[in-house]
Structure formats: structure tokens, C-alpha cells
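Asks: The following block contains a protein sequence and its predicted model.
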Amino acid sequence: MKIVVDKGIKSFEEIATTINGFEEIEFLYLETKEITNDSLQESEAVFVRSITKVDKTLLENTQIKIVGSATAGMDHIDLEYLKKENIKWFCTPGANSWSVVNYVMSAVCYLNEEKLFDLNNKIGIVGYGNIGKKLKVVLDTFSIPCFVYDPFLDHDFLCNINEIKDCDLISLHIPLTYNNSYPTFKLVDKFFLDDITDKILINTSRGGVVDEDYLLESNQVNYISDVWINEPTPSREIIDYALLSTPHIAGHSHNGKINSTINLIKYLQKILKINDGLQSKNNLKIEKFYEVINLLESFSINAYYSEYQIDIESSEFKRNYLNADNDPKKTFEKCRYNHSFRKDIEI
């Protein structure tokens, strides 16, 4: 079996070489730009990152029967095409959820230090999935008032969207959707933005959930974002406008990347039907690649900022991306690749 793997999937080769049962696999490690229809002609599986569009153009007339993506999101994958062609697929939802929580908490610490937010103020969480649940745990741990909205769930503590708008800071943790009961495309539209004047909005979901045009036009919300419309070439205007801007790296902690890789390898073991006993032994080997920082009760909330200084990354990204002489796409991707090293804090 021949499998093409994006070289950018962290430590995949290092971990895969420790696994028993992969001896008959030929792994071909390629740069992202090298993963094309031509390069997949002799392969049966491909493992990608979010910047590779997995669709008919990439896969037509190949032998690919397995697609793995080291990502939480799936909007870069044409699921209908994969279903039609009977191609198995797998993503890694939740693998980088602590990473995103740490990103948000670094922002909260920065805002508090800059007197833009008080830890007694209210935080609204939109979306109670893998990230939203962990963020609530952290906010509850530090007794920061928080409210959660998720129209797909039925918990007593959930609130309505108007209560979220009453919060001083709103953090978005939702997929980008169009045709379901509660589509999130431009969820934060003109009417939403007009209701949160002078408040803080953090977006680590997808650029399309916020109406960037009206955000710029109204100029009335403190915006912190890691995701943008038209990545990897978002408008320089929106990057400049945001209080803090980063190049889609909220989930790119050391742990978030390693977790995604480990999930892909565990998935591959199951696809290959490696026996349970051998899988258990392999998973014990994998454990040595986990590294986290345990946040003890004696730790200050500022540990989040000490581990990851979000404003420094933002300043560096803006300085590079807003340089008119730079190629926007190359600059965005370079900044994304060379982001600050950080480990996750888990509680």
C-alpha cells in the first residue's frame, strides 16, 4: 500500500516508524504544493492538511480509497464526491480543542492587562462542541461569568442569542454551515454587530461566520480573529482593522498538531485492521509524544499569556502582511508556518 502524506503533518514520519503493522506501507512524504492529481496516481491513500482542497480535481482517475485530514474542520473536503466514489475519509475533531481554548485565554489575559476587559465581566460562548465545553470549564475554574448558546443542544444552562449579545466579550466556536436549521454563514451580520457595539468579538471558527465588510464599515466592535474570508489572501484592511490578527494558528500548538497526527495514525491502524493487541502496544508507544502543561490551582490565569503571548504574534503578522511589497499569499503561509511555539495548558 502506498500512502501520500503532507510533510507539514507534524512528526508523522517519526511516529509512524514506531508502529508495528505498517511494514508493508510505502509512505511518500510531499510538500503541500506537491500533492496533486499526478502525484497521487499510484497511491491508495492521502493524508492532508486544511490547505489542500480534496475534491474531484485532486482525486479523479486515481486509486485513492482513503483520505485523512489532520484538521478539525471539513470545509476543504468535498464529502459528496467522496461518498459518490466510495472513498473513506477521516478528520481529527477535538484534537486541537485545548489549543484554541489557550488562544482565547491568552487574548482574555491580554485584554485584561490592557484594561479592555475585566475578569468580572461576562463572556458569551457561541457553540458548545469540543472547544466550547473546554472553554466553559476554564472560565468556571477562574469564576469568570460565562453564558453559552447552542441551538442544536438542550441543556438547562444554555441561553438564547440575545443573552449572548449582552455579554462583554463573545467567542465563536462553530463550523461554517449554509443549509441546515441554523446556518452560520454570516451569523454575525449587520444586525448582530449593531447589537454588540463597543464589545469584544473573538473569532477562531471560520472567516465566513462574520460579515467582514459590515464590520469594517461600522467600525464599532473590538475584533480579534484568527480566521478570515479568502484565506490565504484576506484583505489587508481587515487584518489592519482587527485589534489582534493571527494567521489561522489558534489550533497550532505543539499538542494540537501532535494530537491530530496521532489520531490519523490510530485511524490508519483501524483501517488496516491491525489486531487489537498490537494496536494497544502501538498506542503505548505513541503516548510518549504527548506533552501538556497541567494548570494547578496555585497557578495564575496569566499562565495562559506567559505560555503564548498573542499580541506579539499579532504584531509580527501585521508587520509582515501589511507590507505592500509582500506577496500576500506567500506571507500569510510563511507566517502560519513559522508561528510561535507553544504547549497546551490543560485542566
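Replies: That came through, no problem.

Asks: Report how many residues lie close to the residue nearest to residue 246 when sequence neighbours are not counted.
Replies: Ranked by Cβ to Cβ, 6 or more residues apart in numbering and with sequence neighbours excluded, the top spatial neighbour of residue 246 is residue 226, at 4.6 Å. Backbone N, C-alpha and C define where each C-beta goes, glycine included. Using other Cβ atoms under 10 Å, residue 226 is surrounded by 28 other residues.

Asks: what about residue 46, how many neighbours?
Replies: By other Cβ under 10 Å, 27 other residues sit near residue 46.

Asks: Beyond the lowest-mean-pLDDT helix or strand in the chain, next helix or strand please.
Replies: Ranked by mean pLDDT, DSSP states H and E, the weakest helix or strand in the chain is strand 292-294, scoring a mean of 67. Proceeding N to C from strand 292-294, the next assigned helix or strand is helix 303-307, under DSSP states H and E.

Asks: So what's the predicted local confidence for the residue nearest to residue 246?
Replies: Predicted confidence (pLDDT) for residue 226: 98.

Asks: Just give me the residue closest to the centre of the chain.
Replies: Nearest to the geometric centre of the chain sits residue 251, at 4.2 Å (Cα atoms, centre = their mean).

Asks: Quick check: that one vs residue 179, distance?
Replies: Applying Cβ to Cβ, to the nearest Å, the value for residue 251 to residue 179 is 25 Å.

Asks: What is the end-to-end distance of stretch 170-190?
Replies: One end of stretch 170-190 sits 16 Å from the other (Cα to Cα, to the nearest Å).

Asks: Need the phi and psi values for residue 224.
Replies: Dihedral angles of residue 224 (phi, psi; degrees, to the nearest 10) stand at phi -120, psi 120.

Asks: pretty sure it contacts residue 250?
Replies: No - at 10.2 Å, residue 224 and residue 250 do not qualify as touching, with contact defined as Cβ atoms under 8 Å.

Asks: Compare those two and say which is more crowded by neighbours.
Replies: In this comparison of residue 224 against residue 250, neighbours counted by other Cβ under 10 Å, the higher total goes to residue 250 at 28 against 25.

Asks: can you give me the strands in the stretch 151-300 of the chain?
Replies: Applying DSSP state E, counting those that start in this stretch to the stretch 151-300 of the chain gives strands spanning 169-172, 200-203, 222-225, 244-245, 292-294.

Asks: Can you mark which positions in the helix or strand where residue 110 lies are buried?
Replies: Per DSSP H and E: residue 110 is located in helix 97-113. With burial defined by 16 or more other Cβ atoms under 10 Å, the residues of helix 97-113 counted as buried are 97-112.
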